[in-house]
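Chemist: pasted the sequence and its predicted model underneath.
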Amino acid sequence: MSLTALGCVVFGFLVDTPAEVVRGIGRIVIAPDILITDFVDLGGVGGAFAQAGLLTLIACAGYRLTGARVDGAAVGCLYMLLGFGLFGKTVLNVWPVVVGVGLYAVVRREPLRDYLTTAVFATALAPVFSEVAFNSALDRWISVPLGFATAVLIGFVVPPVVRQLFRAHNGFTLYNMGFVAGILGTVVVAVFQSYGLAAQPPMVWTSGHDAELLILVAAVILGVIAAAFRQDRRPWRGYVALHRRTGQAPADFIDSDGAGPTLLNMAAVGVIATAFVLIVGADFNGPVVGGIVSVIGFGACGKHALNIVPVMVGVVLGALAKPFGLTDPGVVWAALFGTCLAPIAGRFGPHWGLLAGFLHVSVGQVTGAFVGGLNLYGNGFAAGLVASVVSPVALVFARRRDSDRTQEPSAIPSS
């Protein structure tokens, strides 16, 4: 993970001059970064990828210094941080939320290492700090402390809310924090609107960098494959068995199947996500690369080829049945991030995955308005709603099917 992040930093300095990279990072950290703000537009390709890589390196150092366990969830968390470092999370705005989670650990008298992954995931609401501090009409001496205090408070309440809201979907969406951030973000936006501080999300979606970003994605995937063979000389042996897992959270393929097969799986789902973008002809930019990288990361804790493809096909069918284009940003994101609904296909079958994807592409178009772009995991919020509705219904049919099977006679009675 550290090498991947370092590679992004090096890539940034290869495509832009050091001066351009530094200026780009400076523009990124003080700009409003609510969904969707492509950092490639704000800071250039070099600034965006150097900033994302630096942010992830800091997080890797946090795992090393605190002694936090690097399990499947941590790998998914770090890859998602790298991806969202291209369009929402910065080396500045993540800290208030992390501090808030840290304060909760102190109050509970528990070690920070037990909350580090939660803290990093909780930075989905990092734009709250940036929006209040740098994009409000308040004077900076008021807006910056207010933004910091608001984000710290959000971080403090995240851990208990995470545990409570997990029960709503019972692990059938892998982006539980997106669901949590959506609920909290809705409350925050409601308060902002009551004070006339509601955000107006811009759409910053760049194009024209397909070749260089595709090369970078390919390099990341090849690096993951190399790591798989570094961990296990024959990782394909456990890779096949991994596909029998449903992926229902909390899933940890590293623990259950080994590092080698897990890394191979991460590369495979990355290839599928990249192939989708190429097939539909969508742009390669910061948000799209971030989506692909996030899919790769969650190949360590829930996603594999058999449970993500039905959901992606469902998203495509849903888009074709509506006035959406397959290259529309909302559809591309729904296909990439909607794969968090993979456990539904893994547990109940591909037809339920198709249904979940079909619904997700519609729900994802409207949930962003609830949080005003302040929740970076907007598709996670939508997926939480879809999973909370679809999974209980699917469970009813699954239990009925299992009951019918147990009641079948074991042999044909004699006449």
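Modeler: Perfect, I can see it now. Numbers count the residues shown, from 1 in each chain.
Chemist: now the helices: where do they sit in the stretch 201-350 of the chain?
Modeler: Remark: helices assigned in the stretch 201-350 of the chain by DSSP state H, counting those that start in this stretch are 210-231, 236-242, 253-257, 259-280, 286-297, 305-320, 329-337, 342-348, 350-371.
Chemist: want to try JSON lines for those helices, with distance to residue 18 and mean pLDDT as columns?
Modeler: Heads up, the C-betas are built off the backbone N, CA and C, glycines and all. Below are the helices of the stretch 201-350 of the chain laid out as JSON lines (distance: least, C-beta to C-beta, whole Å; pLDDT from 0 to 100):
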{"stretch": "helix 210-231", "distance to residue 18": "18", "mean pLDDT": "93"}
{"stretch": "helix 236-242", "distance to residue 18": "41", "mean pLDDT": "89"}
{"stretch": "helix 253-257", "distance to residue 18": "37", "mean pLDDT": "92"}
{"stretch": "helix 259-280", "distance to residue 18": "29", "mean pLDDT": "95"}
{"stretch": "helix 286-297", "distance to residue 18": "20", "mean pLDDT": "93"}
{"stretch": "helix 305-320", "distance to residue 18": "39", "mean pLDDT": "95"}
{"stretch": "helix 329-337", "distance to residue 18": "31", "mean pLDDT": "91"}
{"stretch": "helix 342-348", "distance to residue 18": "41", "mean pLDDT": "94"}
{"stretch": "helix 350-371", "distance to residue 18": "36", "mean pLDDT": "87"}
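Chemist: who wins for proximity to residue 187 among the ones you listed?
Modeler: helix 350-371 (9.3 Å; C-beta to C-beta).
Chemist: mind checking pLDDT for residue 322?
Modeler: What the model reports as pLDDT for residue 322 is 84.
Chemist: what does residue 138 give?
Modeler: pLDDT, residue 138: 73.
Chemist: quick one: mean pLDDT for stretch 40-50?
Modeler: Taken as a whole, stretch 40-50 carries a mean pLDDT of 91.
Chemist: related to what we said a few turns ago, the helices of the stretch 201-350 of the chain: which one's closest to residue 25?
Modeler: Evaluated over these, closeness to residue 25 peaks at helix 286-297, with 13.6 Å, by C-beta to C-beta.
Chemist: just want the angle from the closest one to helix 210-231.
Modeler: 10 degrees (axes from the mean of the first three to the mean of the last three C-alpha atoms, to 10 degrees).
Chemist: what are the C-alpha coordinates of helix 286-297, in PDB please?
Modeler: Provided in PDB are the C-alpha atoms of helix 286-297 (Å, rounded to 0.1, in the frame of the first residue of the first chain):
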ATOM      1  CA  GLY A 286      -9.900  11.800 -10.800                       C
ATOM      2  CA  PRO A 287     -13.300  10.500  -9.700                       C
ATOM      3  CA  VAL A 288     -13.300   7.600 -12.100                       C
ATOM      4  CA  VAL A 289      -9.700   6.500 -11.100                       C
ATOM      5  CA  GLY A 290     -10.800   6.900  -7.500                       C
ATOM      6  CA  GLY A 291     -13.700   4.600  -8.100                       C
ATOM      7  CA  ILE A 292     -11.500   1.900  -9.700                       C
ATOM      8  CA  VAL A 293      -9.000   2.100  -6.900                       C
ATOM      9  CA  SER A 294     -11.800   1.800  -4.300                       C
ATOM     10  CA  VAL A 295     -13.100  -1.300  -6.000                       C
ATOM     11  CA  ILE A 296      -9.500  -2.800  -5.900                       C
ATOM     12  CA  GLY A 297      -9.200  -2.100  -2.200                       C
END
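Chemist: one step back: go through the helices of the stretch 201-350 of the chain and name the closest to residue 128.
Modeler: helix 350-371 (9.8 Å).
Chemist: need the next SSE after that closest one, C-terminal direction.
Modeler: Sequence-wise, the next helix or strand downstream of helix 350-371 (DSSP states H and E) is helix 378-407.
Chemist: ok, and what's touching stretch 166-180?
Modeler: Identification of contacts with stretch 166-180 by C-beta atoms under 8 Å, 6 or more residues apart in numbering yields 76, 118, 121-122, 124, 158, 161-162, 165, 247-251, 298, 301-303, 337, 340-344, 347, 375, 377-381, 383-388, 390-391.
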